[in-house]
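> Give me a 3D structure for the following:
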Amino acid sequence: MVAKTLKSAEANAKVKKMDENRLYVQEIKADGGPSLKRYMPRSMGRADVILKRMSHLTVVLGEKEIPVSSKKIESKETKEPKAKGIKFPAKEKKQKQAAKAAARS
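The predicted model follows:
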């Protein structure tokens, strides 16, 4: 029953134009459903109740997000020329502190 429900959910996703390659099972659960009440005769005119239980099977599919590259594409005009040879750690430290202070406020 579960395999049949999964195939049905996949077919529904195709109809809703979801990408088949990015599908995954987000949630699957079985909840209680309606019960059919039947009676079984017993001695001395009595009857016992027999419950024929059913369940609801729910499958939720989702689409995975495609990770976007974290590299920034910069044009040649916006790039700063790199300094050759000498590095100034004190200047870099001040710039980092200023960036942190700006982020806090």
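> Touching, Gly62 and Leu23? I think so.
Yes - shown here, Gly62 and Leu23 form a contact pair, counting by Cβ atoms under 8 Å, at 7.4 Å. From N, CA and C alone the C-beta is placed, and that goes for glycine too.
> And the two? Which one has more around it.
Legend: neighbour count by other Cβ atoms under 10 Å for Gly62 and Leu23, higher for Leu23 (16 against 13).
> Give me the spatial nearest neighbour of the more buried one, chain neighbours excluded.
Nearest residue to Leu23, sequence neighbours excluded (Cβ to Cβ, 6 or more residues apart in numbering): Leu61, at 5.3 Å.
> And for Val60?
Glu27 (4.1 Å).
> Just the buried residues of the host helix or strand of the one you found, please?
Using DSSP states H and E, the element containing Glu27 is strand 23-41. By neighbour count on 16 or more other Cβ atoms under 10 Å, the buried set for strand 23-41 is Leu23.
> can you check stretch 40-57 too?
In terms of neighbour count (16+ other Cβ under 10 Å), stretch 40-57 has no buried residues at all.
> Sweet, I'm off.
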